[in-house]
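Engineer: What follows is a predicted protein model with its sequence.
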There are 2 protein chains.
Amino acid sequence: MAAKAPLVISDKDEMRKWSRSVRSQGKTIALVPTMGYLHQGHLSLVSEAHEHADVVALSIYVNPGQFSPTEDLSTYPSDFDGDIRKLMDVPGGVDVVFHPHNLYDYGVSSKNCETEEEGNGAVSCIEQRGLGHETWVRVEKLEKGLCGKSRPIFFRGVATIVTKLFNIMEPDVAFFGKKDYQQWRIIQRMVRDLDFSIKVIGSDIIRDKDGLAMSSRNVHLSPEEREKALSINRSLSSAKSAAENGEVHCEKLKSLVTQAIREADGRVDYAEIVDQESLEAVECIKGPVVFCVAAWFGKVRLIDNIEINL
Amino acid sequence: MAAKAPLVISDKDEMRKWSRSVRSQGKTIALVPTMGYLHQGHLSLVSEAHEHADVVALSIYVNPGQFSPTEDLSTYPSDFDGDIRKLMDVPGGVDVVFHPHNLYDYGVSSKNCETEEEGNGAVSCIEQRGLGHETWVRVEKLEKGLCGKSRPIFFRGVATIVTKLFNIMEPDVAFFGKKDYQQWRIIQRMVRDLDFSIKVIGSDIIRDKDGLAMSSRNVHLSPEEREKALSINRSLSSAKSAAENGEVHCEKLKSLVTQAIREADGRVDYAEIVDQESLEAVECIKGPVVFCVAAWFGKVRLIDNIEINL
């Protein structure tokens, strides 16, 4: 039985007004921030959100601030009507969908609209468009490793858009998938360091039946690539078993995974075993770690991870 | 007739609770953020705040995040009891004073507590103390010039602490003195870019009878240094008159000011004529500009500015 259609709001002032009106009724608000093209991973966040708040808000916004000009912003998949239908099939649905057009357009032309090189020589699609936005939130240590190495402005963009969404939507609790493990830890740290009054909850990875971690980008995989990409999850599971059976040397565990991915024609971006909190690489597993992987199959970059709690 | 003593809150959760309780009564909140050692400049912000909101909150916190380890954090003047007395003499007083002990102590020891060099090789007293705080807000263009050149982490620290105070105190309107012109513009831009629902108001510089812009740091000037420091305001006023009388070439106006300050034994950090919005240097005055100066007299660094609206 489908839930009723959610209210769809695109204007940020109207969105804030909605949140404040809900809050003034003494109700708590959960936020599930997404870039749309929803899959079961997102929908499970919605279900979990219902357990933690009186109303559930979901945002759909493909954030140009986290894409570099050479990345896949223009081909990022979208299906707004399909997303709404899927949300209506979740028990309880969602109360509101925030679907802004452009969160970086402040209605003024910038005097400094040329692309300007930043410290590390990288800019996002925002600077490239010259809309005058120039304020960025950085979680300076956690953003450096793992995905931060090959995507130097990615987490700057994520932390900034999440700050904007928090300020517009004013939730009490926000949900992030642990597939994006580094992102989840960065948002947690940001919320602590900037004193947001928001609880951040990380939810377990949702996988397809074949074991592939759900991602909106999976749609770009050919059937063969998809089959090969299963090497990521399979090798991570093997590594976890090996660790549980006494193999605690990370070099050995990492080569197990990188070899399996390469044998499946994948191009490994990184395969790192890191502390679950600090995300710093460990040489030998002594406590809770997470094994994080990013790899390319064809033109698609996939990430996945597995927690190992010895 | 003295106002009643303000409520003093040091705990951030208690502070937020107070703000939310006030808001739930339908009242609006003005915030005057300060580092204490209040002078007439601060008190005029309080008076102005009463005109814009139902209740007035003032914060007193010397923010280590905006001082580099070589700057004057340890000698920054303070007089909490005197501050409270002064606030009680302002008509209406203030409703609450937020006076936290340490806004960077999250009650956890950091695993990464060594001082770590950042892009430009500069760190604040926060990294030096190793409390694990690592999230910073940067207004990347506006923070670069003027004071940003000699104080590379200053505005990062200001934007970050103001974000924290905004998130803890949740005001509707916030007041900043225009003596710190660049700071005011940076906070305005940050509020726009991060979608804070807060109105930022810049208030005119308050000067002593002799013309010196009020600053908590003035207390460190000897009587002779203070007399010499008047060269800043006097030369800025002369430059403004000259501009109004047709001298629009900035090189000439700037040398007028730098010469006057040097003749008074001052050491000029910068003397720049910049666009009021973008803070970019102009060669020739064609529209609204602000003439900004920073100069050392003895061990005291003073800043001042004057708007020129041709």
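Structural biologist: All right, it came through fine.
Engineer: tell me which parts of chain A are close to chain B?
Structural biologist: Contacts of chain A with chain B, taken as Cβ under 8 Å from any Cβ of the partner chain, map to A:12, A:16, A:24, A:103, A:106, A:111-112, A:116, A:118-120, A:133-142, A:159-160, A:163-164, A:167-168, A:189-190, A:192-197, A:275, A:277-278, A:280. Backbone N, C-alpha and C define where each C-beta goes, glycine included.
Engineer: Excluding chain neighbours, give the residue nearest to the most centrally placed residue in chain A in space.
Structural biologist: When Cα atoms, centre = their mean is applied to chain A, the residue found nearest the centroid is residue A:180 (4.8 Å). Once flanking residues are discounted, residue A:180 sits nearest to residue A:303: 7.1 Å by Cβ to Cβ, 6 or more residues apart in numbering or on different chains.
Engineer: what helices or strands is the host helix or strand of that neighbour leaning on?
Structural biologist: Using DSSP states H and E, residue A:303 falls within strand A:300-309. Counting contacts by 3 or more Cβ pairs under 8 Å, 6 or more residues apart in numbering or on different chains; DSSP states H and E, strand A:300-309 is packed against helix A:223-244, strand A:288-297.
Engineer: deepest of those, which one?
Structural biologist: Highest mean neighbour count among these (mean count of other Cβ atoms under 10 Å in any protein chain shown): strand A:288-297, with a mean of 22.
Engineer: Could I get the buried residue list for stretch A:202-221?
Structural biologist: Going by neighbour count (16 or more other Cβ atoms under 10 Å in any protein chain shown), the buried part of stretch A:202-221 is A:202-203, A:205-206, A:208, A:212-218, A:220-221.
Engineer: cool, and stretch A:34-46?
Structural biologist: A:34, A:35, A:36, A:37, A:38, A:39, A:41, A:42, A:43, A:44, A:45, A:46.
Engineer: Save these as TSV, and put in pLDDT, secondary structure and distance to residue B:250 too.
Structural biologist: Below are these laid out as TSV (pLDDT from 0 to 100; DSSP: H, G, I helix; E, B strand; the rest coil; distance: Cβ to Cβ, whole Å):
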residue	pLDDT	secondary structure	distance to residue B:250
A:34	98	strand	50
A:35	97	coil	46
A:36	97	coil	49
A:37	96	coil	52
A:38	97	coil	55
A:39	96	coil	58
A:41	96	helix	57
A:42	97	helix	55
A:43	97	helix	60
A:44	97	helix	60
A:45	98	helix	55
A:46	98	helix	58
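Engineer: Switch these over to a markdown table; also include distance to residue A:292.
Structural biologist: Formatted as a markdown table, the buried residues of stretch A:34-46 follow (distance: Cβ to Cβ, whole Å):
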| residue | distance to residue A:292 |
| --- | --- |
| A:34 | 21 |
| A:35 | 20 |
| A:36 | 24 |
| A:37 | 23 |
| A:38 | 24 |
| A:39 | 20 |
| A:41 | 17 |
| A:42 | 21 |
| A:43 | 24 |
| A:44 | 21 |
| A:45 | 20 |
| A:46 | 25 |
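Engineer: Residue B:172 versus residue A:77, what's the distance?
Structural biologist: 40 Å (Cβ to Cβ, to the nearest Å).
Engineer: Repeat that for residue A:231.
Structural biologist: From residue A:231 to residue B:172 the distance is 54 Å (Cβ to Cβ).
Engineer: about what we covered before: from the residues of chain A next to chain B, list the buried ones, please.
Structural biologist: The buried subset of these - by 16+ other Cβ under 10 Å - is A:12, A:16, A:103, A:118, A:133-142, A:159-160, A:163-164, A:167-168, A:189-190, A:192-197, A:275, A:278.
Engineer: List the contacts of the residue of the stretch 1-150 of chain A found nearest chain B.
Structural biologist: Residue nearest to chain B within the stretch 1-150 of chain A: residue A:135 (3.5 Å; Cβ to the nearest Cβ). By Cβ atoms under 8 Å, 6 or more residues apart in numbering or on different chains, the contact set of residue A:135 is A:160, B:137, B:138, B:139, B:140, B:159, B:189, B:190, B:192, B:193, B:194.
Engineer: continuing past the strand or helix carrying the first one, what's the next helix or strand?
Structural biologist: Spelled out, it's residue A:160. Taking DSSP H and E as the definition, residue A:160 sits inside helix A:154-169. Of the helices and strands lying after helix A:154-169 in sequence (DSSP H and E), the nearest is strand A:173-177.
Engineer: that older thread, now the helices and strands packed on strand A:300-309 as a markdown table including mean pLDDT?
Structural biologist: Formatted as a markdown table, the helices and strands packed on strand A:300-309 follow (pLDDT from 0 to 100):
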| stretch | mean pLDDT |
| --- | --- |
| helix A:223-244 | 98 |
| strand A:288-297 | 98 |
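Engineer: thought residue A:283 was touching residue A:252?
Structural biologist: No. Counting by Cβ atoms under 8 Å, residue A:283 stays clear of residue A:252, with 10.9 Å between them.
Engineer: need the contact list for residue A:290.
Structural biologist: A:181, A:273, A:274, A:276, A:305, A:306, A:307, A:308.
Engineer: Go again with 7 Å.
Structural biologist: Residues near residue A:290 by Cβ atoms under 7 Å, 6 or more residues apart in numbering or on different chains: A:181, A:274, A:276, A:305, A:307.
Engineer: distance of it from chain B?
Structural biologist: 15 Å (Cβ to the nearest Cβ, to the nearest Å).
Engineer: Over to residue A:158?
Structural biologist: In terms of Cβ to the nearest Cβ, residue A:158 sits 12 Å off from chain B.
Engineer: show me where the stretch 51-200 of chain A has helices.
Structural biologist: A:80-89, A:125-129, A:147-150, A:154-169, A:181-193 (DSSP state H, counting those that start in this stretch).
Engineer: Mind checking those for the one nearest to residue A:267?
Structural biologist: Nearest to residue A:267, of all the helices of the stretch 51-200 of chain A, is helix A:147-150, at 11.3 Å by Cβ to Cβ.
Engineer: Out of the helices and strands packed on strand A:300-309, the one nearest residue B:236 is which?
Structural biologist: strand A:288-297 (55.0 Å).
Engineer: Residue A:291 is in contact with the residue nearest to residue A:180, correct?
Structural biologist: No. If you go by Cβ atoms under 7 Å, residue A:303 and residue A:291 don't touch, sitting 11.7 Å apart.
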